[in-house]
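*Asks:* when you get a sec, could you give me coordinates for this:
(2 chains)
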Number of protein chains: 2
Amino acid sequence: MDIMQSCIINNDKKILLIVIDGLGGLPINSKTELETALTPHLDKLASMSSLGLTTPVDIGITPGSGPAHLALFGYDPVQYQIGRGVLEAVGVGHDINPDDLCVRANFATIKNGIITDRRAGRIPTQKNQRLCDKLSSQIKKIDDVEIIIHPGKEHRFVIVFRGKDLSSNITESDPQKDDKPPVPVSPLKNDAIRSTEIVNKFIQTAAQIIEDEPQANYFLMRGFAHHPNLKPMSELYNIKPAVIATYPMYKGIAKLVGMDILDCSETWESEIETLAKNYSEYNFFYLHFKEVDMKGEDGDFSGKVKLIEKFDALLPDIQKLNFDVLAITSDHSTPAVLKGHSWHPNPFLLHSEYCRQDNINKFSEKSCAQGNLGNFPQTKVMQLLLANSLKLKKYGA
Amino acid sequence: MDIMQSCIINNDKKILLIVIDGLGGLPINSKTELETALTPHLDKLASMSSLGLTTPVDIGITPGSGPAHLALFGYDPVQYQIGRGVLEAVGVGHDINPDDLCVRANFATIKNGIITDRRAGRIPTQKNQRLCDKLSSQIKKIDDVEIIIHPGKEHRFVIVFRGKDLSSNITESDPQKDDKPPVPVSPLKNDAIRSTEIVNKFIQTAAQIIEDEPQANYFLMRGFAHHPNLKPMSELYNIKPAVIATYPMYKGIAKLVGMDILDCSETWESEIETLAKNYSEYNFFYLHFKEVDMKGEDGDFSGKVKLIEKFDALLPDIQKLNFDVLAITSDHSTPAVLKGHSWHPNPFLLHSEYCRQDNINKFSEKSCAQGNLGNFPQTKVMQLLLANSLKLKKYGA
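*Replies:* Numbers count the residues shown, from 1 in each chain, chains lettered A, B, ... in the order given. Predicted coordinates for the structure are as follows:
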C-alpha cells in the first residue's frame, strides 16, 4: 500500500470496475453457471483481455459482502472491518456519520421475562415499519443522544444512537437462543459506561411503547458498531470515485470508502444510463449488478445463468463508452449449488490498451484460471487498475 | 490463521489427506516419474477434481520432512520448528513428553583425545543396538534426570534427558570435522547451567562405559531440542485427527500436532485396511505412503515409477470409502535425478462435492500447473480442506 501510494500520479484516464455480485459458481453437469451461459460479448472481450482469478480474503475463506468489497477497493479486510451494525445501517439506507453508534435489532416475543421467539414470528415488513414509526415518533432523544430508527425486512430493524463520544464496547442483549431471558447490556470497557446507560434507558423506554403488541412486544440488539473511519479512495488513489448500484448496502459500503453515490432507478439499464450520463464527472466508477448473487443464494442455477446472459446482452452499451480501463469481476462467488457465498476465487477480466492479452475466447472460472494474471489477492485489484490507467509512476530509480 | 479459526464450525464430514512422500519429480527422457507411471485411476479422479501445486516453505527452498509436514498441517514452518533431536527421537519411535530434552548422537572413534572418525566407521546397526543396551543398563539416571537411550541406524542414536526445567540452550559436542577434539558442552543461556552439568556428567559416565570398544569408543551430540509444544490440530480446527503411517518419524510428527496414531502393519494394503476399519471414529485422516520417497532418494527412477503405479492400483479401495473431501499430494518432491528432496512444488489434487473441476484427464506436475488452484502455499492446504468440508462459516457480514 505504501509503495503504491508513493507512485500515485494523476491523469484523465477513466476506470470502470464492474461487479457482478456472486458471479463465480460451481458446476452442475460439469458446467458452472458462467460456463453454461451464452456470453458472446464477454467471450469476445475476454479474447482481447487479461484474465485471472482473485482471492477475496484468503484461500478457503468465504467472505461476507463487507470484507469482499473492502478487498476489492484495496482495503485489507482482515485489518479493516465494517461492524455488523454499520453494515445493516448502510443496508437500510442510513446516511452514517462519525458520531453514529449503529446496532442491528430484531423484534422479538417475550412472555413473563422469557424470549419465546427471537424473530417475533418474522412479522411482515409492513408491521415492522409501523412499529418503527411508533418508536421513532415517541423517542427522539435519550439524554443528549439523538435516536434514529430504520425499519428493515420482516423482524429486522436498525437503531442509530447519534451523539459525541459513544462507545461500541457494549455487550449484546440477544441471548442467541429462545426460551432464555434477554441479556442485560453492559460495558466491555470503561469508555462504554455512559453509552451502556443510554442504551439501557432506550431499551426500557422502547419496550414500554411496544409491550402491548401481540407478537413484537420486545426487541434484541447485536453488533454495536461505529463508522470504520477508512481513508477515502480519493485520498488513497488520487481519483474521483462514484458508485452506481441499486441496493442500499452497496451504496453504503461505497460511501464508507468515500465514493459519491449516483442516482439511478432499479434496473440495470438505468444503471448503465447513469454511467453514461456521469461519464465526464468522475474517473473511477464502481458499477454493481446485484441480482445474480440473489439467484445463487436461492439455489436457482438457471435463473443465475439467465441473468449472466442478460448482463452479456447489455455489455456492448457499456463498451461503447470506451473506458480506458475496464474490469469485470465479482466480490465473491455464490454457487447455486451452495445457496450461499463461497470461498472460491472470482473470475477476473481486465481490458485496457496496456494489458497482456491472453487470447482466450471464453470468460469463465476455468479460462480465468488459465489467464496470465494468475490467482492473485483481491486487495491488489485497485493497484492493477491504476497501473493500467497509467496512474502509477515508476518506483525507485 | 486467526481469521480461519474465527470461522471454524463442526460437522460430520470426513477429510482424507493422502501424502505420497516425495511424489513430485524431474524428467528423464522428458517425462517425470509421475508422468511416466501409468495411473488410470489417478487420471480419472483428476478429471473430476481441482488441481494445483503447493509450495512447502518458499520458492526455491528444499524442505526437510519436518517443515514440509508442518506446512501441510497448517503450521508455518518458519515460525514453528521441530528441533533435530526431537525429529530423531520421534523417528526412532520415542514417545516424547514435554519434560524430554532430546539430542541426536553419533558413535565416534577417539584416539588420544582426538576424534579420528565422527561416524565410528559406520558400525552395523546391530552393534549400535548392543552398545545402546549396554549404556541403558548402566545409566538410569544422572542426578534426578532420567536417561532414555534409543539406538538408530548404523552409528546414530538418540539420548533423551527426562526431567523438570531442562533447557535446550546448550552447545553441541560435535566438532563437525575429524581430527579435532570433541567440543566441551557449555550453556548458551543461564537457564542451561544445570542442564549442561547433567549432560557433561552423562558424557563422562557414558564414555567410560564404552572406552574399551575398538571403534565406537566415544560419541558426539548435536541438536538439543524440546517438544515444540504446538497447539493440537483438534484445537486449531475442531477436528478429530488420526495418522496412518508405517514409519515412526511420520507417526511422531503427527503426534506432535495432536493426531491419534492408528496401529497397522508395514504394507500399504494394511494401511488402507486400517483406514477402513477406523473410518467412523475420526473425521480427519493423514494417510502416509513412504517408499516412493526412498526410491527417489536412491535415484531409482523406474522403482519410483513402479511404486506410483502400485498406489494407483490401490486407489479404488480408498475411493470406495467415499470421503467427503479427498486430497492427494506430497510433503515435498524427491526427484530421482537429484537423489534427494527438492524445492519443486508438490502436485496437489482435491476432490469434493464443492471443488471446481478442472476437467484435466491427467495427474502430473504439468497438469497440476494448469489447475484452477494455482500454485499456493502448502500452509493453506488445511484451510482449503476445511472449506471443502463446509467446516468454515462466512467471515464478516
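*Asks:* use CA for all of it now, contacts and neighbours both
*Replies:* Fine.
*Asks:* tell me the predicted confidence for A:Lys153.
*Replies:* According to the prediction, A:Lys153 has pLDDT 87.
*Asks:* now do the phi/psi pair for it.
*Replies:* phi -100, psi 150 (degrees, to the nearest 10).
*Asks:* swap in A:Ala192?
*Replies:* phi -110, psi 10.
*Asks:* correct me, but it touches A:Ile170?
*Replies:* Yes - between A:Ala192 and A:Ile170 there is a contact under C-alpha atoms under 8 Å: 6.5 Å.
*Asks:* would you map the helices across the stretch 251-397 of chain A?
*Replies:* Counting by DSSP state H, counting those that start in this stretch, the segments of the stretch 251-397 of chain A that form helices are A:268-278, A:291-297, A:301-319, A:365-369, A:381-388.
*Asks:* for B:Ser6, find the nearest of these.
*Replies:* helix A:291-297 (22.9 Å; C-alpha to C-alpha).
*Asks:* give me the contact list for the closest one.
*Replies:* For helix A:291-297, the surrounding residues in contact (C-alpha atoms under 8 Å, 6 or more residues apart in numbering or on different chains) are A:20-23, A:301, A:303-304, A:307-308, A:334-341.
*Asks:* related to what we said a few turns ago, out of A:Ala192 and A:Ile170, which sits in the busier spot?
*Replies:* A:Ile170 (22 against 19; other C-alpha atoms under 10 Å in any protein chain shown).
*Asks:* tell me the bridge partners for that one.
*Replies:* A:Pro187 (DSSP bridges).
*Asks:* dump the residue contacts of it.
*Replies:* A:Val185, A:Ser186, A:Pro187, A:Leu188, A:Lys189, A:Ala192, A:Ser195, A:Thr196, A:Phe224.
*Asks:* do you know how far the closest residue to the fifth one other than its chain neighbours is from B:Asp165?
*Replies:* What sits nearest to A:Lys189 in space, not counting adjacent residues and going by C-alpha to C-alpha, 6 or more residues apart in numbering or on different chains, is A:Asn169, at 5.9 Å. Between A:Asn169 and B:Asp165 the computed distance is 42 Å (C-alpha to C-alpha, to the nearest Å).
*Asks:* those two: which is more packed in?
*Replies:* A:Asn169 (19 against 14).
*Asks:* A:Leu326 contacts A:Phe348, doesn't it?
*Replies:* No - the criterion here is C-alpha under 8 Å, and A:Leu326 misses it with A:Phe348 at 10.7 Å.
*Asks:* which one's more surrounded, those two?
*Replies:* A:Phe348 (31 against 22).
*Asks:* got the buried residues for stretch A:95-110?
*Replies:* A:96, A:99-110 (16 or more other C-alpha atoms under 10 Å in any protein chain shown).
*Asks:* same check, this time on stretch A:44-61
*Replies:* A:45-61.
*Asks:* tell me which of those fall in helices.
*Replies:* Per DSSP state H, helices hold the following members of the buried residues of stretch A:44-61: A:Leu45, A:Ala46, A:Ser47.
*Asks:* contacts only, for the first one.
*Replies:* In this case it means A:Leu45. Each residue near A:Leu45 by C-alpha under 8 Å, 6+ apart is listed here: A:His351, A:Asn361.
*Asks:* stretch A:104-113 vs chain B: in contact?
*Replies:* No - judged by C-alpha under 8 Å from any C-alpha of the partner chain, stretch A:104-113 stays clear of chain B, getting no closer than 11.9 Å.
*Asks:* hang on, the earlier thing: ranking the helices of the stretch 251-397 of chain A by burial, who's on top?
*Replies:* Most buried of those by mean neighbour count (mean count of other C-alpha atoms under 10 Å in any protein chain shown) is helix A:365-369; its value is a mean of 25.
*Asks:* helices and strands around that one, which ones?
*Replies:* With contacts taken as 3 or more C-alpha pairs under 8 Å, 6 or more residues apart in numbering or on different chains; DSSP states H and E, helix A:365-369 sits against strand A:50-55, strand A:346-352.
*Asks:* please export the C-alpha coordinates of the following helix or strand past the first one as PDB.
*Replies:* Read that as strand A:50-55. Later in the chain than strand A:50-55, the nearest helix or strand by DSSP states H and E is helix A:65-72. What follows is helix A:65-72, C-alpha atoms only, in PDB (Å, rounded to 0.1, in the frame of the first residue of the first chain):
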ATOM      1  CA  SER A  65     -20.200  -8.700   1.400                       C
ATOM      2  CA  GLY A  66     -18.400  -6.300   3.600                       C
ATOM      3  CA  PRO A  67     -14.900  -8.000   3.600                       C
ATOM      4  CA  ALA A  68     -15.300  -8.900  -0.100                       C
ATOM      5  CA  HIS A  69     -15.900  -5.300  -1.200                       C
ATOM      6  CA  LEU A  70     -13.300  -3.800   1.100                       C
ATOM      7  CA  ALA A  71     -10.800  -6.200  -0.500                       C
ATOM      8  CA  LEU A  72     -11.900  -5.100  -4.000                       C
END
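*Asks:* run the angle between helix A:65-72 and strand A:50-55 for me.
*Replies:* With axes from the mean of the first three to the mean of the last three C-alpha atoms, to 10 degrees as the basis, helix A:65-72 and strand A:50-55 are set at 140 degrees to each other.
*Asks:* chain center to whichever helix or strand comes after helix A:65-72: distance?
*Replies:* Moving toward the C-terminus from helix A:65-72, the next helix or strand (DSSP H and E) is helix A:84-91. From the chain centre to the centre of helix A:84-91 is a distance of 10 Å (C-alpha atoms, centre = their mean, to the nearest Å).
*Asks:* is helix A:84-91 positioned near chain B?
*Replies:* Yes - under the criterion of C-alpha under 8 Å from any C-alpha, chain B is reached by helix A:84-91 at A:Arg84, A:Leu87.
*Asks:* and that helix, which residues are buried?
*Replies:* A:Arg84, A:Gly85, A:Val86, A:Leu87, A:Glu88, A:Ala89, A:Val90, A:Gly91.
*Asks:* what's the mean pLDDT across it?
*Replies:* Mean predicted confidence for helix A:84-91 is 90.
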